[in-house]
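Colleague: build me a structure from this.
(chains A and B)
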Amino acid sequence: MYYHSFDELEGSKQSILVENRAHQQALSSAMNWCRKSSGALAWRAPDIVTFDKAIDYSFALDSLDPKSELRDCFLLSREQERAVWAGVVSREGSEQLRAPEIIAQLLQHAWQLQNVWQVGNSDETINRPPDADAFLRWSEGFSQELKKIGAIDRATFFSKHMTKDLNFIAQGFRRPSPTLRSWLNQDKFLWTADDRLDTSNFVPHVYDSFEDELHEAMLWAKSIWERDRDSRVVVGVDSFSSHTDEVHRCGADVFGQIWDSPEIPYFAKYRDILGGYPAIQIALLVLGVRPRCKWDTISELIRHPLLKGFDEEKHQRSVFDARLRDENRYELDLPLIINRLEQSGDCLYLLEFFRSVEAALLTSPRVSSLSYWISHFNKILRSVGVIGLRDKTSSRNSLEVHWSRVCDQVISLDAVMEFVTRGEALSILKRHVEQTTVFAGEKSTGIFIMPTDDAFIVDPTHLWVANASSKSFVSERMGTPFLPINSQRLLGIPGLNPVSDKTHVESVISMLTALGTERHVSYSTFQGDERVSFSPFFPKLAKVESEKIQRFTVPSWNQPAAKLQEYSDFIGPALDSTQPLVGGVAVFYDQAVCPFKAFALHRLSATPVFEPIRGINHREKGVIVHRVMNAFWRGLKTSSALQKFSSEEKLEYVKQIVHGELKKDHFATSIETELFKIEIGRLIELIQAWTDFELTLRPFRVISQEEKVSVNIFGVPVKIKPDRIDQLESGDTRIVDYKTGACSRSDWVGPRLSAPQLPMYAIFHPLYSATSIAFAHVNTVKPRWIEVPASDPPAEDWDEWTNRWEQDIKILAEEILGGIAVPQIDERNTCAYCEQGASSLVEVATGELESKVAP
Amino acid sequence: MILEDLAVRQTALDPSRSFLVRAPAGSGKTTVLIRRFLRLLGVAEHPEEIVAVTFTRKAAQEMRDRVTEALLTAKSGVPPIEQVDRDTYELAVIALENDQRRGWDLIRHPSRLRVLTIDALCRNIVRQMPMMSGMAGLTTIEDNFSRSRLYKQAARSACEEIGATDMNSTVVKALAYFDNDWGKLEGLIAEMLPKRDQWLSFVTKTQDRIAFKKGYSEFVSSKLALISDQLDESTKSEMLSLVKYAAGNLQDSYLSQIKSFPTHKQADLRQWQTMLELFMTKAGALRKSANIKIGFPTKHPQDAKQMKERWTHVVNTLVTQASPLREILALPLDVYGEKDWEITDSLVKLLLLAAAHFIVLSDRTGRTDFTAFSMAALDALGDEDKPTDLALSLDYQINHLLIDEFQDTSVTQFELVRRLIAGWMDGGQKSIFLVGDPMQSIYRFRQSEVGLFKQVADAGFIGNMSVELLSLSVNFRSQGSLVHWVNTIIPLIVREAGQSENYFEAQKASRVESGNPFSFYPFFEKSEKNEADQVVKIITSIREHSPGASIAILVRSRAHLKQISRQLISAKISVSNRELELLESRPVIKDLTSLTNALKHLGDRMAWLALLRAPWAGLSLQTLHQLSVMCSTFLDALGLSVEQNLVSGEQGNRVARLCSIFNLAMAESAEKPFSRVVQECWLALGGPSIFRGEQSLSDAKKFFTILARLEAEGILLTPQRLRSAVAHHYSEGKAHIHGDSIEVMTMHQAKGLEFEHVIIPGLGSGVRPGTKPLLHWQQNYGESNLPTLLLAPIGAPNTENKLYDYLHYSDSRAKQAELARLLYVVLTRAKTKVYLLGHANKDKKNQVWKPSAGSLLALLWPTLGPVFDESAEKKWISAVEIQDRAQEDRNLRVVRAVPETLPDYNQYYKAINPRHDESIEFDWASDLAKQIGTVIHRMLELLSKNMLRRRSLDRLIEAAEPFAKNQLKSLGVANNDLVFAVKSVMKALETSLFSERGSWIFSEDHILADSELVLSCELADGSLQTAVLDRTFIDSAGVRWIIDYKTGAHSGGGLSEYLDSEEQRYKSKLNHYANIMHNINPGPIKLGLYFPLLDAWRQWDYQENA
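Modeller: Numbers count the residues shown, from 1 in each chain, chains lettered A, B, ... in the order given. Predicted structure coming up:
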């Protein structure tokens, strides 16, 4: 370890200065463990201070001195400082800059480098890239900005004052900074690292994938800990942030529920992102509700299990949500939702929730201080019952504490920021939530999953260095983009100078070899597509590549094989023909396409949830065309009436009809208004083109439109509603179906009719006996009329058609009555694209179930 | 063996010269590159001055490995036996000497070898100027789904400008053009965004219809001039007289207008086309015979026969020019009409808007795509005339640039290279080395531009650097007869594809001939099963004759593979097929998708049906029907049926089991990340016990990773988003490995690899044509050699845009040419033999049809077509037979499987405690009190640490007030509360300083005094607790005091009651502190609460174990 003993630290009145809270917590855990294991029942905790605290403290002392030049200044916190940076960045050169927030963060870093570590670049003026100039320019702006608000930045303060005070022991830097290194050289650091570079006491492992590797390492950690409860087991990864998913997944697999249970003194998770907790997610969702909101946000919120009233309402809410989606509104507004909820009479809590949110939104000003917004947000959360932010995945109430801390941080920005809008306030809050990490609690013993470079801070008893591949170990380091590379090389900033890299690597390795009593090292042969080898920094381990290691299988996934039975199950219960079958002729249509699909849709009501899209969907467009055509002929009745119109009169009539038929409530948002305006233009053109075409047809009279009648088709009770029925001059009756999409005569050729509607109307309509059927293919480019029997020679026999159809329809009716649900497997592999594909089990039935082939 | 091109290979090593090396398949291209790299290492001052650029990370890694390997061999000091390897060894020895001399230690620090992918190069450039390039903090997205989401979002945002005053008409026009189909317009725009490096620079320039029209006119003239130059005068006059003859017979007004041979002005295009239609069909093929319809009657009085002969002669002359003539026929007569221009203009504006939105979105999300980096890298380097400081600095750092696979460079990448070397001159210390083979350029979909290779080769220059063209001609890979065969058929294929042959050069074989280079298996009518059977037979036969030989099956698209995999598995032939099967098509993923959707939405009845019918649930249709009519959600129905015992028997047990599992999962969903809820539910249902194969388990793992990532990115999950997130992934396909496996991969994946035997099935099948892009564009150079642009939007539904069609036609010709190159690439993968399998269809007259133009067999038709005629009779399978087979397959499918037993699910869920709503512990209203409290504590800490004592009291108060004010302000106290807050703090400070109690607490006379002291202890249950003591000391009587400050305010009467209640409230806490202290320093302890704002005090004695 870096220091001789804890006693030494305790004895001296020194403080240990560390970079951040993570180090502070880890170090304090290690020390607590040390005291505890020495038998003490209670002890004085080590005085470990983060930089922030240390600066705060010394600043406080200085600023109270009346002679101090800093007296009237106040110190900025990191967040405040970043807010000032963001202000500077976005004001100047904004036309060139993107992501001011992120740049602000980088600048802050660079500023500290320049001011804290006195990394100058004045000597490099000639070769300095323009970015360094840009940086200098902005840093000047920053200074001015600080002056304006009467503040002093921590970097300047630190460089001026803290470095004079030698009562600190700096510790815990992963990458020694130049200043820190100078301290090291002056022996102010309790450093006892010897030069052990012997890696022979590492046990090597090789895996196929990183996930396997991590699993094995975690299993090993678990077994050690179960044997020895006083151990501190470290599994080191190259970078925690880029492996979050794998760590979580493997953790959950290996440790099961303990992974998330801090109550059990068993496992110490390194850290977690605050924004990842369901409780925080719903808080942000709630705050994201505006008077008008995207449907997916609302939908997610409605169904969120943490929303109050969950137990009573969850099922009702899902049904309500599915119904709401059917309205195909890409944006929903609160009054509409409230209105629908009032109509449904279900989901009382939800109704109350939306009312409260609406009320809260009404009262808020346009811009205000962050303090106002935060308290406003908290009031909303409290009023709608998303309170306490309790989450069992965290330690008791720790989320509340963290939430409150984040709120405090955001509020503190008021000191430097001007008034903001609600949206801006929310995005600042969100960003802070995303950046905040949660510690599962201080643990003196346990299992630690952490970056390898940090391993020394918990003084592990057992160590496993994972991902020690040629690509990841030692993890990649970067210089700062803000200073000339040559200067950085001269200063020995890691990542730019191979020599300093080497020194750094050796120090990491020597640190690792000095840790623990048992050490393992592993890597996985593939990183993405790339084949990698053992890290060259473990020189003696290169040979283990050939070592054969058994593939690892996840224990909880290692379930015993289920014994399979095979049986046929493609016949459902017979249809109760006394009950009306919902779906009308669509049942026959679907049955013809695929019996399974028809059964799933109409007998089991297995419809997919609808996802609203921006714009008007095809279905809706078709419905509008039907309505407009219906209204058109409702007024005219006969083709001779149409003939009498002049072209201007006809256009006027069409316009009138189209405007009259489009629902007013479609025009809810400005975007929808515009879209429907386009649609009106399009419809007028379409109907004009179609009716021009109808003028060329034989004279007819429209005798029925969308008239609904009940019929019984070979025992299947359905309601039918033909689009239009015409009587021709000859006295013949023609049934018409409007089509805006593709259609052809082959749709009426059996045995499985792809469009059985018109044949069914023709045969079974109780009021009209048809002598022909026709698709009216309504379109602007090539309007046409597809008719059976064809009026052109060779004339076709209508009876022949109807007889054939009758047989085909009878087969379909029998299938429907009998509950036949056998999937219709098509040569074109359509089952693979069918929405019901997952339930039809075609794949399973074709023998792809792997238990059959598994040993 | 002495190589014929040995001299060329030696020349390529000269570090003082720059080269463009044309290295055909199997010629040892990478070796040449490695050797050059080693050679340069031998002379360089720093290894970083040599930069090698490759196109894939895999290639970069391979190259780095090979260099390191060579250095290691050199270090070992043992020269290899083979002469070929010894040359490399010698170069490595020199490099190693230089390494040692300069102390690089490359073997230990291979990362100093700068072998980069082109994307990494761009990123490196940009990262050096993060602010100027505007890319600071932005990272690229590796994942297809996230990238396409970003494109879609940008496109949507652009369309959403529909209400905005300045953009409204633009969006309205565009939408009206696409029949008000928002989804289509959005999709088309989104597809254009990844390629914006190509169009953005064009469309940002001023749009001028006249200029575009002029540009087109120049373009047409240049095309006509070109063809006119290539026709000799006699052909021209012959064509003219035939035209006149036909015009006379037809009385065709257009034809009769042609009095002289048309000029190459655009105005004469109509005449050209009319004339050409006499010799060519409308589809662009040369007519086979002349007939009356085109003005050549059979029974013309005199010269009919003679005229027909003359006509035939002309057609035969035109054969060589067929392709450019076809192009003339396809050229539109008039472009950029008023209406066309209006829509072009609107779409271009919309695209610009979308590109701008993309930047805004990148800012917001901090993520962007590769294109943004390559564009930024170009910007960062500046113009050729005005290089930036960065370009100059890179110029200083890089001395040697090596580019592998140069034929795959895109226009943008080429431009980047040009700017990178803009300052380089011949004769300096710098060199450029480009290696590639234009015949192996198969990445048009990644915008690679094969023409660039030729351009450099012809010019002999890149930037200011002259490059010498070297050609390697010896093939090391394939056996002699295979090389000869390829040499013979490739020119035929290339010609069939309508491409000029100048990309191809015949190779010389270095290996001896060993047998027949290829076998062809023809099939009639498409039957994947028959082909798959044949593949199995071929493999078995190869295995018999040459066990251990490497075999690869190369397919054009993954869709061609399903049947083959199935047959191979059933024939127990092991395959290693990484990434061939789509993840979403795997049964396990289908079930997991249903599970995810069902848990996400109780109202998604379709997902619930799939979930309940899946093998792990095993509910019958009868039961499902019973449940479906009960309630509006299946979960309700399950609950109800369990409650009232509505389903009996074995199905009843299943229902009960499912009901418990889903209820537990739903309860968990409030407390855990959703991806974990799904995983636990899957385990509880027994997912792994049903899908047991290794492949299924790894698929499932992949699915959970995707789900977790979606969650981490905060994407609200809907069935559609889940589907598209999964859509881009492949199953890893590690299954079915029983020993020596054969490789199965797509043709593109095979590039750079070699196998003894290569089997190519499905030659007769085409691939589905991709969607047409929103815009087609083409840059040309007009009369004044200034660039002009042709730009056309896709036609509206059911209409056409002639210029677009023409550009699309040019594009498809380029695609066809690439298809020929693809065929070259696959044929040259083989070392010993190629096996070709393909089908052709027949018409009713039993006549074999040439396969569709998109298939590879169509290109091989001149060679392989005759084989079909020969075997036509014996291998004919009737359509009836095929139908029967299909029926057979179908009957097999109507069974399903249900597991008899499933694991105990309880182990996956912890005992659920009923949730109870505890009261909120947070006092949301008292933020101000909290802030005041914090500052008071801090002030008192300073006071206690004797920091304030040294000053006079007046000065102290004077100093403290602004301090307190600042502290409060930085904690976020609002301005209107500030006066009150400062007053409170100052009051507390004054009280503490001046009151009797305060003076005592903060007296300097106490022993072992400390403030904010941190103590820790272990509790009885073994857990650790930490306490922070506001103030502690030992008084003169030897009593240890532990004091806690309470900064609460109290107004009105009842102060005593308030203090009592506070004492009760904090008694146990302070006693606990005392317990800890007692353990460290045993002795008498007294406890106190100090209220500085009230100047009040409460105290009591500590009793051990109280």
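
Colleague: what's the helix or strand containing B:Leu240 in contact with?
Modeller: Assigned by DSSP states H and E, B:Leu240 falls within helix B:233-250. For helix B:233-250, contacts defined as CB atoms under 8 Å, 6 or more residues apart in numbering or on different chains pick out B:228, B:231, B:252, B:255-256, B:258, B:260-261, B:275, B:278-279, B:292, B:294-297, B:300, B:307, B:310-311, B:313-314, B:317-318. C-beta coordinates here come from the backbone N, C-alpha and C atoms, glycine included.

Colleague: list the buried ones in it?
Modeller: Residues of helix B:233-250 classed as buried under the neighbour-count rule (16 or more other CB atoms under 10 Å in any protein chain shown) are B:Thr235, B:Glu238, B:Met239, B:Leu240, B:Leu242, B:Val243, B:Tyr245, B:Ala246, B:Ala247, B:Asn249, B:Leu250.

Colleague: and what of stretch B:518-537?
Modeller: Buried residues in stretch B:518-537 (16+ other CB under 10 Å): B:518, B:520-525, B:527-528, B:530-532, B:534-536.

Colleague: how about stretch A:691-706?
Modeller: Across stretch A:691-706, burial judged by 16+ other CB under 10 Å covers A:Thr691, A:Phe693, A:Glu694, A:Phe700, A:Arg701, A:Val702, A:Ile703, A:Ser704, A:Gln705.

Colleague: tell me if stretch B:155-167 is near chain A.
Modeller: Yes - counting by CB under 8 Å from any CB of the partner chain, chain A is contacted by stretch B:155-167 at B:Arg156, B:Cys159, B:Glu160, B:Ile162, B:Gly163.

Colleague: let's see the ChimeraX selection covering just the buried ones among the residues you listed.
Modeller: Burial among the residues of stretch B:155-167 next to chain A is assessed by 16+ other CB under 10 Å; the matching ChimeraX selection reads:
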select /B:156,159,160,162
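
Colleague: reformat the residues of stretch B:155-167 next to chain A as a markdown table; add pLDDT, distance to B:Ala1074 and secondary structure.
Modeller: What follows is the residues of stretch B:155-167 next to chain A, written out as a markdown table (pLDDT from 0 to 100; distance: CB to CB, whole Å; DSSP: H, G, I helix; E, B strand; the rest coil):
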| residue | pLDDT | distance to B:Ala1074 | secondary structure |
| --- | --- | --- | --- |
| B:Arg156 | 94 | 64 | helix |
| B:Cys159 | 94 | 69 | helix |
| B:Glu160 | 92 | 65 | helix |
| B:Ile162 | 89 | 71 | helix |
| B:Gly163 | 79 | 69 | helix |
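
Colleague: list just the nearest of the residues of stretch B:155-167 next to chain A to B:Lys508.
Modeller: Within the residues of stretch B:155-167 next to chain A, the smallest distance to B:Lys508 is 57.1 Å, found for B:Arg156 (CB to CB).

Colleague: for that closest one, what are its contacts?
Modeller: By CB under 8 Å, 6+ apart, the residues touching B:Arg156 are A:Arg614, B:Glu186.

Colleague: and if we set it to 6 Å?
Modeller: Residues near B:Arg156 by CB atoms under 6 Å, 6 or more residues apart in numbering or on different chains: B:Glu186.

Colleague: before we move on, what about B:Ile162?
Modeller: B:Ile162 is in contact with A:Ile671, A:Glu674, B:Val171, counting by CB under 6 Å, 6+ apart.

Colleague: top of these by neighbour count?
Modeller: With neighbours taken as other CB atoms under 10 Å in any protein chain shown, the top of the contacts of B:Ile162 is B:Val171, carrying 26 neighbours.

Colleague: for B:Leu350, see how far away the closest residue to it other than its chain neighbours is.
Modeller: Leaving aside its chain neighbours, B:Val171 sits nearest to B:Ile162 (4.3 Å; criterion: CB to CB, 6 or more residues apart in numbering or on different chains). Distance, B:Ile162 to B:Leu350, by CB to CB, to the nearest Å: 10 Å.

Colleague: thinking again about what came up before, tell me which two of the buried residues of stretch B:518-537 sit farthest apart.
Modeller: Greatest spatial distance among those (CB to CB): B:Phe518 and B:Glu525, at 23.0 Å.

Colleague: please enumerate the strands of the stretch 1001-1106 of chain B.
Modeller: When assigned using DSSP state E, counting those that start in this stretch, the strands of the stretch 1001-1106 of chain B occupy the ranges B:1007-1018, B:1024-1034, B:1040-1045, B:1085-1091, B:1096-1101.

Colleague: which of the ones you listed sits closest to B:Ala964?
Modeller: Short answer: strand B:1040-1045, nearest of those by CB to CB, at 15.5 Å.

Colleague: tell me, how many neighbours does B:Gly649 end up with?
Modeller: Around B:Gly649 there are 8 residues (other CB under 10 Å).

Colleague: repeat for B:Ile227
Modeller: B:Ile227, neighbours per other CB under 10 Å, totals 16.
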